[in-house]
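**Q** Fold the stuff below for me.
(2 chains)
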Amino acid sequence: MTYAVGQRVRVSARSHEGHHRTPGYVKGQAGTISRVHAAYPNPETRAYGATGLPEQQLYLIALASDTKNHVYVDVFGHWLEEAK
Amino acid sequence: MNGGMERAVHDRGGWPTGEPIDRAEHDLADWEVLMDSIVGTLGANGTMNTDELRRGIEGMPPAEYEHASYYERWLFSVEKVLTEKGVLAPGELDA
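**A** Predicted coordinates:
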């Protein structure tokens, strides 16, 4: 699953045992794809000495903080779902 | 907002606090500069990567994490990961 700039997404609220880089405060939050970064080695496996391959696509997500402001967070694609 | 999901001690974005952020610069002790250089070398020679360093830091017992300085956390993690890998014997740095 890949996402395009402007697409609405939700950060997965699934539980995850072990190392991962998705901050707790964005889990379950809906936002908009703001930028499509490159793909990077997966820190979830690399943290245990593996290569981190296959690389995972990284996105910049804009989350509405209030009516005027956004919080921008980098989130890997495998943590995103299409927002309804 | 995340269903009461368990969060590790480092995962503190959005925590309520009334305390201001300490933005003061401070001088590094010699051992802290050395710690930085050791981690750089371990990465460059493929012994230990940044994600392993972070896993070690973020898995620290919460009370130790709270009391440790930035590079004390690095030292904790390097000792843990290098011991896992058999580069260091258990307790070797205490000898």
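**Q** near chain B, which residues of chain A?
**A** Neighbours of chain B within chain A, by CB under 8 Å from any CB of the partner chain: A:13, A:15, A:19, A:23-29, A:43, A:46-49, A:52. (Each C-beta comes from the backbone N, C-alpha and C, glycine too.)
**Q** From A:Arg21, how far off is the most centrally placed residue in chain A?
**A** A centroid search over chain A (CA atoms, centre = their mean) returns A:Val75, at 2.2 Å, as the residue closest to the centre. A:Val75 is 8 Å from A:Arg21, where distance means CB to CB, to the nearest Å.
**Q** Identify the bridge partners of the residue nearest to the centre of chain A.
**A** A:Val75 forms beta bridges with A:Tyr59, as assigned by DSSP bridges.
**Q** That one is in contact with A:His20, isn't it?
**A** No: applying CB atoms under 8 Å as the test, A:Val75 and A:His20 come out as separate, 10.5 Å apart.
**Q** And the buried ones among the residues of chain A next to chain B, selectable in PyMOL?
**A** Buried subset of the residues of chain A next to chain B, written as a PyMOL selection, criterion 16 or more other CB atoms under 10 Å in any protein chain shown:
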select buried, chain A and resi 13+19+23+24+25+26+27+29+43+46+47+52
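**Q** give me the number of residues near residue 31?
**A** With no chain named, the answer covers chain A. Per other CB atoms under 10 Å in any protein chain shown, the neighbour tally for A:Gly31 reads 24.
**Q** please go with chain B instead
**A** 11.
**Q** And A:Ile61, by the same measure?
**A** A:Ile61 has 24 neighbouring residues, counting by other CB under 10 Å.
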